[in-house]
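Peer 1: What follows is a predicted structure for the sequence shown.
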Amino acid sequence: MPSPSSKPGRAAVWKLVPPTTNHPAESTIIPDDGSKGDSESIIGEDQRALVDFSDFLEGGKYRSIVKIQARFEGKGKPVWMMGTGWLIRPDVLVTAGHVVYDWGRRYGAASQIRCFIGYNGRASLQTAQVQARYGVKVISTEEWLQDAGNRTRDLAFIQVDRAFTGNLRTFNYVNTPPSGHKTLLGVVGYPGDKSLKDPETGDEEKGAQMYEEYAKNDYDIGESARRMVEYQISTFGGQSGAPILRRANGQLVSIGTHCYGGGGTDSNSGNAIGGPYGNDYEAFVRLFSIPSTFGDIGSVRVVETKAQTVTIQPAISKPVSYPTNGVNGRSAQNKTIKPQYSESDEEGFLDVFKTIANVGSKIIPLASPFLGPVGGILGPAVGGLLGSLAESELSDNPDIKTEGTAERALLAEAALQAILASEHTEGLTEVVGKMQRIWKVDAPKVDYLAPVVAPIVAECGQSFIRKHQHPVQGRTVKNSISQSRRSLGIDMSESTFGGEEAAFVQGLMGPTRQVAGEEGMFDWLGPVLKQGAVLAKPLVSQAASAALSGLGGLIKKSLGAESTIADVSPEHEEATKILLKRAVMADTALQALMTLPSHKLEQLKPINPETGEAEGIFDFIKDTVQKLGPIALDTAKQAAKTYLPRLIDSATQKVSSRLGLPTESSGPTRSLSKKPSLMDTLNGKNNAIKVRHVSHSADGLAIIDITPMIRHREETWVPSEEWQKCWDDNDDGPVLMKQPPPDL
């Protein structure tokens, strides 16, 4: 059955190439995983023990532990890497996502996979104890193919060419208990730091034998920084994909899949099954039975799992029951569930991203005028309000703290616009991946604030619209920006920045070009940027999420019965929800940019909407801040301070020119030839890179062809024979094999 309260999400699927005879050129010796050392994820004294021979023979308790050998093409130099898996039915096994899609060396998607049960070194292949199969189809998660940081989605399922036979004792699996105290957990797999001498060649074969370790562990997924099952059990590359086994009352039940090594000091960890942070195994596996799921060999698709909405009962105080009896290889149904929250109504990151992307533009028909060009003003206002609420102590005297929150909201809006305008490159993919990771972990839930924030937004927006009633002259592209640069006059020695934000802050505070017509406010710009980037606290954080949780009623009470704010229409309330999400997404975008090193920031190239030319990320951000200007900042400050925004600056001509509002005297729209931006991609304007080209199969599945994106990524990647921590910080990555496997 589907895992209650888990969100299935989308699957990334592809077919594998059938095995062929190994070509002599493939026999080139590939270095072992020497870049990581010999104790990468060993915790204390290594307690891993060699599994007893009888345990992986037919009928043995580990008969369904699978030795995986995966081939990656690289750049014309095929390599093989090893991993572990576990059978959930005779023809389907579970493993880690990085066993089939590699980030750490940038090999990308596996092209061939071989699977063995009963494996105990190369010599064992000649015995009856070993069964060999090859993979035909792979299902991973869309999130794993998007970003190596999506560790909770580092998961994959492999279907083999034919079922394994005999008494397999496939593992039962259950929804991962949210926490455990002195729970006896074990990880069983093929570690790459253990070796066996080949009796024929005398060579040491790494990862040749199965090892196990069990230990009592305390864990709490909700408190874990990675939202994963953590354990003090030694592991090594090659064991990735092994089951996390819970042993109780003589029963072995899987509660997750091992996928992450902490590097020898932190706990090792795996992703969960079901629950708010886990994966719905059944939703993914069912796709194997739908013929239209998979395309041709070589194509990578994203497919909706189409799981039905699950109604979650309120949390109860009874203990959670996790029975171990169930049909062999199927999930055992939980009798009692204590979910932390419901995800049935939660939108996915990309769904929200697409919804908020067009705020402030004229690209699509809008249900509310507040989502049109005026959204560029209202977005920072809403963001400043949220930031102030998060920093307030919400006492009986609602003293809202506003230091830096409005400035940060304005800078965040500019950062989001820069990302949306950027060319679709590998660097942009990384930024969006970072945004998704930050969003999923720290983004506050803000929908419930809409009923009380909507009247504020309505009055603020209506005030602006009333002021903009006369035609004004639009700017021309020619004179909108001065290319001369000036110092912002900020003493960087006084700035309290450091760490990973340093590159962003230094770039932001560098010599700055002026937007024509805004020279008088240039001295205003530097302090605003410093306040927003250095002094203000992030809106998207666990602390802010906790502060905003449950504030709907408190805010309404603070407005009071004497408030003169009128009710707003459902359309305006819905528009407010979008603006709230836009403000949160903007802060997410700013945080993602602030974590990038200088060379990656330089690679981001937003498209100037006036010239159609690519330009630097900092030029675009600072131009946008100048165009929105004091009007947006003042609106944000007043909204945060009083809840009732004051009338916006009377200089409507300046507002119109900044926001690009259409006027009676505006000339015809200039048609610009430009490279596709992320906004174009989200709106389906990019025909060259069909990242979101959706079709529907005969079975009703929404299918998205991401092959062009994968191909573009592979063209820019330069694979490395050594694992690169900056590409994937997982210390338990796959181990390279010295030789390709023998023919099947």
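Peer 2: Ah, there it is.

Peer 1: Assign Thr201 to helix, strand or coil.
Peer 2: coil (DSSP: H, G, I helix; E, B strand; the rest coil).

Peer 1: got the domain boundaries for this protein?
Peer 2: 10-306+310-342+720-736, 349-682 (automatic domain parsing).

Peer 1: worst average pLDDT in these?
Peer 2: The minimum mean pLDDT among those belongs to domain 349-682 (a mean of 69).

Peer 1: in the stretch 201-350 of the chain, which spans are strands?
Peer 2: For the stretch 201-350 of the chain, the strands defined by DSSP state E, counting those that start in this stretch occupy 204-206, 211-220, 229-231, 243-248, 251-260, 268-272, 301-304.

Peer 1: Which one of the ones you listed lies nearest to Gly192?
Peer 2: strand 204-206 (5.0 Å; Cβ to Cβ). All C-beta atoms are positioned from the backbone trio N, CA, C, and that covers glycine.

Peer 1: now for that closest one, which elements pack on it?
Peer 2: strand 195-197 (3 or more Cβ pairs under 8 Å, 6 or more residues apart in numbering; DSSP states H and E).

Peer 1: list the buried ones in the strand it packs on?
Peer 2: By 16 or more other Cβ atoms under 10 Å, the buried positions in strand 195-197 come out as 195-196.

Peer 1: could you say what helices and strands it packs with?
Peer 2: Strand 195-197 packs on strand 204-206, going by 3+ Cβ pairs under 8 Å, 6+ apart.

Peer 1: Tell me if I'm right that Glu615 and Pro606 touch.
Peer 2: Yes - using Cβ atoms under 8 Å, Glu615 is in contact with Pro606, at 6.3 Å.

Peer 1: Show me which of the two is the more surrounded one.
Peer 2: Neighbour totals were compared for Glu615 and Pro606, and Pro606 leads with 27 against 17 (other Cβ atoms under 10 Å).

Peer 1: Could I get the contacting residues of that one?
Peer 2: If you count contacts by Cβ atoms under 8 Å, 6 or more residues apart in numbering, Pro606 has them with 417-419, 421-423, 614-615, 617, 620, 677.

Peer 1: Of those, which belong to helices?
Peer 2: Taking DSSP state H as the definition of helices, the contacts of Pro606 contribute 417-419, 617, 620.

Peer 1: Relative to Asp91, which of those is nearest.
Peer 2: Once Cβ to Cβ is applied, the member of those that ends up nearest Asp91 is Ile419, at 42.6 Å.

Peer 1: correct me, but that closest one touches Ile621?
Peer 2: No - counting by Cβ under 8 Å, Ile419 stays clear of Ile621, with 9.8 Å between them.

Peer 1: What segments of the stretch 401-550 of the chain are strands?
Peer 2: Using DSSP E, counting those that start in this stretch, strands in the stretch 401-550 of the chain cover 481-486, 512-515.

Peer 1: which stretch among those strands comes nearest Thr141?
Peer 2: strand 512-515 (41.7 Å).

Peer 1: Which elements pack onto the closest one?
Peer 2: strand 481-486, helix 522-530, helix 617-642.

Peer 1: Parallel or antiparallel, list what pairs with it.
Peer 2: Taking DSSP bridges as the criterion, strand 512-515 forms sheet pairs with strand 481-486 (antiparallel).

Peer 1: what does stretch 614-625 contact?
Peer 2: Counting by Cβ under 8 Å, 6+ apart, 410-411, 413-415, 417-418, 421-423, 481, 507-508, 510, 512-513, 515, 525, 528-529, 593, 601-602, 604-608, 675 sit against stretch 614-625.

Peer 1: which among those end up buried?
Peer 2: For these, buried by 16+ other Cβ under 10 Å: 410-411, 413-415, 417-418, 421-423, 481, 507-508, 512-513, 515, 525, 528-529, 593, 601, 604-608, 675.

Peer 1: who wins for proximity to Ser240 among the strands of the stretch 401-550 of the chain?
Peer 2: Per Cβ to Cβ, nearest to Ser240 of those: strand 512-515, 46.9 Å.

Peer 1: Tell me how many other residues crowd Ile113.
Peer 2: 28.

Peer 1: I meant to write Ala614 there.
Peer 2: Ala614, neighbours per other Cβ under 10 Å, totals 17.

Peer 1: Run through the bridge partners of it.
Peer 2: Beta-bridge partners of Ala614, as defined by DSSP bridges: Ile607.

Peer 1: Extract the C-alpha trace of the helix or strand in which Trp14 is found and format it as PDB.
Peer 2: Following DSSP states H and E, one finds Trp14 within strand 10-15. Extracted in PDB, the C-alpha atoms of strand 10-15 (Å, rounded to 0.1, in the frame of the first residue of the first chain):
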ATOM      1  CA  ARG A  10       7.900  12.600  -9.500                       C
ATOM      2  CA  ALA A  11      10.000   9.800 -10.700                       C
ATOM      3  CA  ALA A  12      13.000  10.000 -13.100                       C
ATOM      4  CA  VAL A  13      13.000   6.900 -15.300                       C
ATOM      5  CA  TRP A  14      15.200   5.400 -18.000                       C
ATOM      6  CA  LYS A  15      15.900   2.100 -19.800                       C
END
